[in-house]
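A.B. asks: fold the following for me, if possible:
(one chain, ligands or ions: 2)
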Amino acid sequence: MKGRCLCGAIEVTTPDQKEVGLCHCSMCRRWTGGPMHAVHCGSDVQFQGKTPTAYRSSDWAERGFCPDCGTHLFYRLLPANDYVLPAGLFQDQAFSLATEIFVDEKPSYYALSDSTHKMTGQQVFEQYAPGN
Ligand SMILES: [Zn+2]
Ligand SMILES: [Zn+2]
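C.D. replies: Ligands and ions are numbered 1, 2, ... in the order given. A predicted model of the protein is given here:
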């Protein structure tokens, strides 16, 4: 699937994905202004055009954005070179909302569909911790 930033300086290509996960963690909400609508894309992600600017947001991850328009382009787990991209980059894709994570960090002023699989931050760390 193909996506692009707001100004069009950067395009991104990844294998087709169908599922969106919402991340309610405090960092994603500060970064995006709300929960991150996240699409897990693996390592096979190519950016064309300008080079995204990367911000090292933790010991294990960085977050990328367009240097011209500021559109958020990726969250990358450094040890695995694993990309999570915002669903909004891909506006022609028929996604469905599958999961919500860091539900324990979600503020009370919004709530979404109850049909998703929900995990607390602790459950996420336990499932994805190195060695599991
Ligand atoms: Zn841009
Ligand atoms: Zn998050």
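A.B. asks: tell me, what residue is most central in the protein?
C.D. replies: For the chain, Ala38 is the residue whose C-alpha lies nearest the centre (Cα atoms, centre = their mean; 3.5 Å).
A.B. asks: return the distance of the one helix or strand that one maps to from the chain's centre.
C.D. replies: Secondary-structure element containing Ala38, defined by DSSP states H and E: strand 36-42. Offset of strand 36-42 from its chain centre (Cα atoms, centre = their mean, to the nearest Å): 4 Å.
A.B. asks: could you do stretch 67-81 as well?
C.D. replies: In terms of Cα atoms, centre = their mean, the gap separating the centre of stretch 67-81 from the centre of its chain is 8 Å.
A.B. asks: one more: stretch 92-109?
C.D. replies: With Cα atoms, centre = their mean as the basis, stretch 92-109 stands 11 Å off its chain's centre.
A.B. asks: what's it in contact with?
C.D. replies: If you take Cβ atoms under 8 Å, 6 or more residues apart in numbering as the criterion, stretch 92-109 is touched by 1, 16-26, 28-29, 35, 39, 87, 112-113, 115-122, 124. Just so you know, the C-beta spots here come from the backbone N, C-alpha and C atoms, and that holds for glycine as well.
A.B. asks: CA atoms only for it, dumped as PDB, please.
C.D. replies: Backbone C-alpha positions of stretch 92-109 (Å, rounded to 0.1, in the frame of the first residue of the first chain) are rendered in PDB as follows:
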ATOM      1  CA  ASP A  92      -7.500   4.400   0.300                       C
ATOM      2  CA  GLN A  93      -7.000   1.400   2.500                       C
ATOM      3  CA  ALA A  94      -9.900  -0.500   3.900                       C
ATOM      4  CA  PHE A  95      -8.800  -1.000   7.500                       C
ATOM      5  CA  SER A  96     -10.600  -2.400  10.500                       C
ATOM      6  CA  LEU A  97     -10.000  -1.500  14.100                       C
ATOM      7  CA  ALA A  98      -8.700  -4.600  15.800                       C
ATOM      8  CA  THR A  99      -6.900  -3.800  19.000                       C
ATOM      9  CA  GLU A 100      -6.500  -1.100  21.700                       C
ATOM     10  CA  ILE A 101      -3.300  -1.000  23.800                       C
ATOM     11  CA  PHE A 102      -2.300   1.000  26.900                       C
ATOM     12  CA  VAL A 103      -6.000   1.200  27.800                       C
ATOM     13  CA  ASP A 104      -4.800   1.900  31.400                       C
ATOM     14  CA  GLU A 105      -3.300   5.200  30.100                       C
ATOM     15  CA  LYS A 106      -6.500   6.300  28.200                       C
ATOM     16  CA  PRO A 107      -8.000   9.500  29.500                       C
ATOM     17  CA  SER A 108     -11.700   9.400  30.400                       C
ATOM     18  CA  TYR A 109     -12.800  12.100  28.000                       C
END
